[in-house]
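Trainee: sequence? don't have it. structure:
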């Protein structure tokens with residue numbers, strides 16, 4: 001259980017990344033797409049934390065019950081476990097909707113941004129639109145073509161670019177983090 005909570009805490013770093021990107025993309029002026037994308041990203045992070053805790057707790061407790069059960073009870077526990085897994089699936093779909101929407105909106109905001117531009121923004125929009133389509137079409141099962149590793153690489157590029165560009169921007173006039 002402790003490892004699930006630790007993992008959930010680590011996922012909160014995802015929310016911190018969205019907060020930082022919000023600051024970076026709206027340093028010169030407020031943009032509605034950035035605000036909505038940032039909000040969706042933070043919501044996706046919270047959903048992912050909830051999903052990790054629910055999934056970890058369910059697996060741990062049901063596994064423990066299964067080991068302590070008789071054969072007849074074990075069959076019933078497996079039946080219940082399969083039903084409980086649909087909670088995970090629902091949370092996963094909610095995460096996908098908010099997460100992919102967040103990156104599509106942030107990609108759109110990057111199109112005309114001084115430090116990101118059309119290439120990074122366009123790749124993000126296309127990549128996350130295709131990934132969202134594949135994931136939601138196949139839900140609740142994983143898609144046959146998994147593009148998440150490519151999405152992670154693109155996100156890494158975005159955060160590296162944000163860190164490189166942050167040196168050039170003065171945030172002194174804005175004491176509020178977000």
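Mentor: Done, it's in. Just so it is clear, the model here is predicted, and its values are computed rather than measured.

Trainee: list the buried ones in the helix or strand that contains residue 41?
Mentor: According to DSSP states H and E, residue 41 maps onto helix 32-67. Neighbour-count burial for helix 32-67, counted by 16 or more other C-beta atoms under 10 Å, picks out 33-38, 40-56, 58, 62, 66. Using the backbone N, CA and C atoms, a C-beta is placed for each residue, glycine as well.

Trainee: who does the longest helix anywhere in the chain touch, helix- and strand-wise?
Mentor: Counting residues, the longest helix found in the chain (DSSP state H) is helix 71-110. Identification of packing neighbours for helix 71-110 by 3 or more C-beta pairs under 8 Å, 6 or more residues apart in numbering; DSSP states H and E yields helix 2-25, helix 32-67, helix 117-138, helix 148-166.

Trainee: helices and strands around the longest one, which ones?
Mentor: What that stands for is helix 32-67. Using 3+ C-beta pairs under 8 Å, 6+ apart, helix 32-67 is in contact with helix 2-25, helix 71-110.

Trainee: the longest helix of the chain vs helix 2-25, what angle?
Mentor: 10 degrees (axes from the mean of the first three to the mean of the last three C-alpha atoms, to 10 degrees).

Trainee: and helix 71-110 with helix 148-166, angle?
Mentor: Using the same axes, to 10 degrees, helix 71-110 lies at 40 degrees relative to helix 148-166.

Trainee: same question for helix 71-110, mean pLDDT?
Mentor: Helix 71-110 shows a mean pLDDT of 92.

Trainee: quick check: buried residues in that helix?
Mentor: 77, 81, 84, 88, 91-92, 94-110.

Trainee: how about TSV for the helices and strands packed on helix 71-110, with distance to residue 73 added?
Mentor: Shown next, in TSV, are the helices and strands packed on helix 71-110 (distance: least, C-beta to C-beta, whole Å):
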stretch	distance to residue 73
helix 2-25	25
helix 32-67	8
helix 117-138	34
helix 148-166	37
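
Trainee: so which residues make contact with the worst-scoring helix or strand of the chain on mean pLDDT?
Mentor: Least confident helix or strand, the chain: helix 2-25 with a mean of 78, by mean pLDDT, DSSP states H and E. The set of residues external to helix 2-25 that reach it, using C-beta atoms under 8 Å, 6 or more residues apart in numbering, is 31, 34-35, 37-38, 41-42, 44-46, 48-49, 52-53, 55-57, 60, 102, 106, 109-110, 113, 115-116, 158-159, 162, 165-166, 169, 171, 177-178.
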